[in-house]
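[1] Dropping a prediction and its sequence here:
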Number of protein chains: 4
Amino acid sequence: MDTQDKKPDIPEELQKVGVTDLKTIIQTRWKGVLYRFIPKVSLSISLPKEKKGAHLSRLIEAISETIEEEAAVVYNSLEELEKHILDSLVKKHSYERGEITMDTELVIQKQTPVSKRQTMETYDISVTVIKNGDAYAKKLEATAVGSTVCPHAMEHSKGKPHIQRAKATLAVETGYDTPVELESMITIIERGFSSEAYTLLKTEDEKYLVEKMHANPRFVEDACRHILAEAKQAYKKSRINVRVISFESIHPHNVLAEAQAET
Amino acid sequence: MDTQDKKPDIPEELQKVGVTDLKTIIQTRWKGVLYRFIPKVSLSISLPKEKKGAHLSRLIEAISETIEEEAAVVYNSLEELEKHILDSLVKKHSYERGEITMDTELVIQKQTPVSKRQTMETYDISVTVIKNGDAYAKKLEATAVGSTVCPHAMEHSKGKPHIQRAKATLAVETGYDTPVELESMITIIERGFSSEAYTLLKTEDEKYLVEKMHANPRFVEDACRHILAEAKQAYKKSRINVRVISFESIHPHNVLAEAQAET
Amino acid sequence: MDTQDKKPDIPEELQKVGVTDLKTIIQTRWKGVLYRFIPKVSLSISLPKEKKGAHLSRLIEAISETIEEEAAVVYNSLEELEKHILDSLVKKHSYERGEITMDTELVIQKQTPVSKRQTMETYDISVTVIKNGDAYAKKLEATAVGSTVCPHAMEHSKGKPHIQRAKATLAVETGYDTPVELESMITIIERGFSSEAYTLLKTEDEKYLVEKMHANPRFVEDACRHILAEAKQAYKKSRINVRVISFESIHPHNVLAEAQAET
Amino acid sequence: MDTQDKKPDIPEELQKVGVTDLKTIIQTRWKGVLYRFIPKVSLSISLPKEKKGAHLSRLIEAISETIEEEAAVVYNSLEELEKHILDSLVKKHSYERGEITMDTELVIQKQTPVSKRQTMETYDISVTVIKNGDAYAKKLEATAVGSTVCPHAMEHSKGKPHIQRAKATLAVETGYDTPVELESMITIIERGFSSEAYTLLKTEDEKYLVEKMHANPRFVEDACRHILAEAKQAYKKSRINVRVISFESIHPHNVLAEAQAET
């Protein structure tokens, strides 16, 4: 009998046993375009009170076999790939609840606002699938950067604000089959700021962005509410979380606004 | 009327608005001994749907006035100091729910196991107090480092294991008045490993620790269960969370075990 | 006249002005295999004392145009791509000294030692090219993870060691044309440990690796010397730096050994 | 013979062998005021080619004995304490070159600019002492946060800039006996920004700071030159390094300016 299958000294159920901070390479084909990722993967299963340990090499195999097989089958999305890993794992290692998360980056090709140059923008994303018995759920998270322009300072200093970089994370938890697109989540986040940010900006683009900022003063509270309200419209039957952090230019600390909603 | 007190464009309630990553200096007197900390502080309040923003400088004042006043009054613990900040804040800025967290380090003087030398050990801790209307709750978290020794490898390789550093975090959420000591949480965590770790070890101490490790092989699952079982005994009317991560010496990724319980 | 081209208040030369922490997507074709990376890029130039600022959008353009053009031309290596960016930049923005670094991850397909399964291993790498007038230099850096097994503990505890994960970084600075392969650097690093680490290990592989560790006790000092000696053999006309850190299982702190050599 | 004193397989000299990321507690008395720190300590020595390893417990003892003895002797500064550790170590473990670094935080009590409230400000600092034979050198490093206001955007957008948080690090390497005060380094850094930052700001302070920013537009290049020029005046017989990073509000990446000088 394997050590893992023995009875443990202390018969407690463990909600999660698995691997974390595992880096690997995967690819997906989304709307015809090939995306390659080097995500950080966490994969865990529940462990009943009568088993000493999980057979962790089977978790790794479920990941690596799904990835190898990719040459033949390319998944449409990270969540489709993750669901396949959970389904493949349950045949190797029984479990009640399994959860897989991939933290990685999505690169989107955009145009600069005025000069219409091509610019590549990179966003942190996190995609989770949970299998609980026969039910599947997912959680998608995206983070984007923009600016906040302080309306309070503008009122007190004749239109002169303090301005800073801010970062917002939108998370949507929903059923596996509910359609949620990371690209649309990023669009919603970026509309929440006083202005969005670009990697490339020519002088005319910078001028446009600066005018937009000043015309659009927002607290982090305002940014958070804009993102929340749009997300509530876009994602039904979901649990939504928005968290905005601004890296204040007048303070060494950061300011935060956070909100949740269920639709 | 202040900008913050105006009606927002979008009337959504925000669960948390506040400051985060604020570094300051505080001191407490615990059982007669003076402790000084430079914590990272997060302080947030709920914001109703009809207010555009929070007056953040009042949050900072609630923190700094409580700290200044310390010369006269020294609090017994971080949670006592935090409760005082929340009580002082509610007089400056009305709120329904307020939450303050301090992330810092606790230094404990210990003796090495055999040579009985003095050694200073440093632990990451996090202390949160939540005020919800008139009710107070708290959450204490402590993290300690030790080793796990693989019982599976020992069975297959004639007593030769792989060994690695592991890190465990124990969190206890409970009523504000339930007594929970960070020192006892750290003791419980350290007993969960194959062996605890020390900053200073003379040759005879190292020999003792290595013998202890090899006599005490444990998976992260075992460590997690030991800590959970002891914490369940020690902390009543609490929500307990244990998370153990081992930095595997045979893998580039980490292994994790996590469990929750309510007592 | 552009603001950047005006005279600064204080006529000091700046050794580096540029962009950092810029994330983008690139691809290279190395020995026929396509590699895709999402590196963190730093690109800087020297700024003479009579210019107020650098035209930073030209630095971004030099990066993005080189990447776009990739559809047609695919570079053999990160350093070839970086040299092209520096050459393209000097036509847009004169400079005396330019430097570009890409920090990213290299994924290598390997076989497990006994069961001969395929396993994907991911390594942190950093590739820098420096253009100084007409001269080019490069610096390649790779980091890999393995184990150290303490020979001192084995002597004192009847063959029972403490074991831990260790991490080693090898850096090679040399002329642009000197051939240095990241893959061979990683091989040299991994041979320095008591044993290398794998993402996937079946029971027979784990047994093999544990036996190898115990047969091969090494201090971090030993690991550092093994890597240094092999690197000195492999890389001529180079400046070599080796840094090994072990995440001690008996201590909460880390142990380090570092060495330099010129060949 | 101890394992460490044996001949190594590969007779290479190692420039640094030691401990790193060691957290401990220390205190100093500077101009009559008691400061307590929980620094991250690195302590390393050179290891000759004929010794297999360093006796690392002696390094820890040199640190911990110096700290314990503090009850009686309180050092004036971190560098004085570090010199004492290096002198104490050389009696326990011979070495040619020893180096110790403490990374910690300095808390300074300041007044807000207009309302004259007390505010506690926290700065990252790093203090290194190097003993090379009988010669001692030191390196002091301080980091502070402030704002940069873009003069280029102001010219193109009728006085409307983009503004962001920036961070500057000033490092001064000099002989052990050359007087260099961390407080004065921080003052020099803060004067380099468009404006400094404060933890606490009442409305009138915020108004003052926002006016100051807008009256004082600076690129990171300008900030870097201001700090460099002042540091060259203040610190003689020194090697000075200045590094300024701005967390751009219009870009997701950061902008950097770096300069060196010898006085």
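    Cool, the structure landed.
[2] For residue A:175, grab the count of nearby residues.
    For residue A:175, the neighbour count with other Cβ atoms under 10 Å in any protein chain shown is 12. For glycine as for every other residue, the C-beta is placed from the backbone atoms N, C-alpha and C.
[3] what's the answer for residue A:159, then?
    Neighbours around residue A:159, by other Cβ under 10 Å: 12.
[4] Please name the residues that touch it.
    residue A:214 (Cβ atoms under 8 Å, 6 or more residues apart in numbering or on different chains).
[5] what helix or strand is it on?
    Using DSSP states H and E, residue A:159 maps to neither a helix nor a strand.
[6] State the distance from it to residue C:170.
    55 Å (Cβ to Cβ, to the nearest Å).
[7] just how off-centre is stretch A:172-192 within its chain?
    9 Å (Cα atoms, centre = their mean, to the nearest Å).
[8] Equivalent analysis for stretch A:238-246, please.
    Going by Cα atoms, centre = their mean, where stretch A:238-246 is centred and where its chain is centred differ by 11 Å.
[9] Just confirm yes or no for that stretch near chain B.
    Yes. Between stretch A:238-246 and chain B, judged by Cβ under 8 Å from any Cβ of the partner chain, the touching residues are residue A:245.
[10] do stretch A:35-45 as well
    Yes. For stretch A:35-45 and chain B, the contact criterion (Cβ under 8 Å from any Cβ) is met by A:42, A:44.
[11] Can you give me the first-to-last residue distance of that stretch?
    Using Cα to Cα, to the nearest Å, the end-to-end distance of stretch A:35-45 comes to 28 Å.
[12] Likewise for stretch A:189-205?
    End-to-end distance for stretch A:189-205: 20 Å, by Cα to Cα.
[13] what about it and chain D, touching?
    Yes. Applying Cβ under 8 Å from any Cβ, one finds that stretch A:189-205 is in contact with chain D at A:195, A:197-199, A:201, A:203.
[14] quick one: contacts for residue A:12?
    Counting by Cβ under 8 Å, 6+ apart, residue A:12 has contacts A:49, B:225, B:228-229, B:259, B:261.
[15] scratch that, residue A:40
    By Cβ under 8 Å, 6+ apart, the neighbours of residue A:40 are A:21-23, A:102-104.
[16] Quick check: of the residues of stretch A:189-205 next to chain D, which lies closest to chain D?
    residue A:197 (5.0 Å; Cβ to the nearest Cβ).
[17] my guess is the closest one contacts residue D:254, does it?
    No. Assessed by Cβ atoms under 8 Å, residue A:197 is found out of contact with residue D:254, at 11.6 Å.
[18] Mind listing the shared neighbours of those two?
    Common neighbours of residue A:197 and residue D:254 (Cβ under 8 Å, 6+ apart) are residue D:248.
[19] which residues of the stretch 101-250 of chain A fall in helices?
    Here the stretch 101-250 of chain A has its helices, by DSSP state H, counting those that start in this stretch, at A:151-156, A:182-192, A:203-214, A:220-234.
[20] out of those helices, nearest to residue B:180?
    helix A:220-234 (32.9 Å; Cβ to Cβ).
[21] And the closest one, what's buried?
    Using 16 or more other Cβ atoms under 10 Å in any protein chain shown as the test for burial, helix A:220-234 gives A:220-232, A:234.
[22] between these, which is nearest residue B:64?
    residue A:220 (21.3 Å).
[23] Could you report the pLDDT at that closest one?
    Looking at residue A:220, its pLDDT is 98.
[24] repeat for residue A:72
    pLDDT, residue A:72: 55.
[25] and residue A:191, how many neighbours?
    Residue A:191, neighbours per other Cβ under 10 Å, totals 14.
[26] And for residue A:177?
    Residue A:177: 8 neighbours (other Cβ under 10 Å).
[27] ditto for the one 5 residues further on
    Residue A:182 has 22 neighbours, counted by other Cβ under 10 Å.
[28] wait, what's in contact with it?
    Applying Cβ under 8 Å, 6+ apart, the residues near residue A:182 are A:106, A:123, A:125, A:127, A:140, A:142.
[29] Inside strands: which ones of these?
    Counting by DSSP state E, the contacts of residue A:182 place A:106, A:123, A:125, A:127, A:140, A:142 in strands.
[30] Looking at those residues, which is nearest chain B?
    Among the ones in strands among the contacts of residue A:182, residue A:127 lies closest to chain B (Cβ to the nearest Cβ), at 18.3 Å.
[31] List the contacts of that closest one.
    Here residue A:127 is in contact with A:77-79, A:82, A:101-102, A:104, A:138-141, A:182 (Cβ under 8 Å, 6+ apart).
[32] any idea what sits nearest it, other than its immediate chain neighbours?
    residue A:78 (4.1 Å; Cβ to Cβ, 6 or more residues apart in numbering or on different chains).
[33] so that neighbour sits right up against residue A:28, yeah?
    Yes. With contact defined as Cβ under 8 Å, residue A:78 reaches residue A:28; the gap is 6.2 Å.
[34] Overlap of the contact sets of these two?
    residue A:37.
[35] which parts of chain A sit against chain D?
    A:121-122, A:145, A:147, A:152-153, A:156-157, A:160-165, A:195, A:197-199, A:201, A:203, A:206-207, A:209-211, A:213-214, A:247-253.
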